[in-house]
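*Asks:* Model the following, please.
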Amino acid sequence: MKITALAVAFLTVASALPLRAQVVAAPQPASVEKPKPSCPCDSSNFKPLTDKARAVEAYWDARRSYRSARTVATTAALFALFSRDGGLMNEAQNTLSEASSKLFSARTKAEQLGALKVTGDDVDGTIEIKLQKGVDYTL
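*Replies:* Next comes the predicted model:
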């Protein structure tokens, strides 16, 4: 009986000890990250020389404010849903639509001047900026 009790006690203690897993980790594939969009107009030394550069600068500012407004409006909309506040929901929609209209007008102007090309969505799409350093802007 003592041997059985000792064997049960030993197995109980041994089962609490961590066991080494004999699993070989699969090699991790190299993660392909989408490059973060950047613009020369992000620099504090950016000085536009032409209307093209000023249009790109206005577009980039409108894009940045749209992204911020989208985040704030989404948060406000979720809060409005939880609190059942229709006024807050309308205010969030109005803020987002204002930022969207500014972004659309800035994009249209920049595309008409040939300063940029946007493929897909303004925020998540591909943006090709067609400015030449020294001609359109200086840093």
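*Asks:* Now do the same contact list for residue 106.
*Replies:* By C-beta atoms under 8 Å, 6 or more residues apart in numbering, the contact list for residue 106 reads 55, 58, 59, 61, 62, 63. Glycine gets a C-beta too; all of them are placed from N, C-alpha and C.
*Asks:* just the buried members of the residues you listed?
*Replies:* Judged by neighbour count, with 16 or more other C-beta atoms under 10 Å as the criterion, the buried members of the contacts of residue 106 are 55, 58, 59, 62, 63.
*Asks:* Of these, which is the nearest to residue 134?
*Replies:* Distance from residue 134 was checked for each of the buried ones among the contacts of residue 106 by C-beta to C-beta. The minimum falls on residue 55, at 17.9 Å.
*Asks:* Phi and psi next, for that closest one.
*Replies:* Note on residue 55: backbone dihedrals following degrees, to the nearest 10 are phi -70, psi -40.
*Asks:* could you measure it against residue 75, distance?
*Replies:* In this structure, residue 55 lies at 31 Å from residue 75, with C-beta to C-beta, to the nearest Å as the measure.
*Asks:* now residue 95
*Replies:* Distance of residue 95 to residue 75, computed by C-beta to C-beta: 11 Å.
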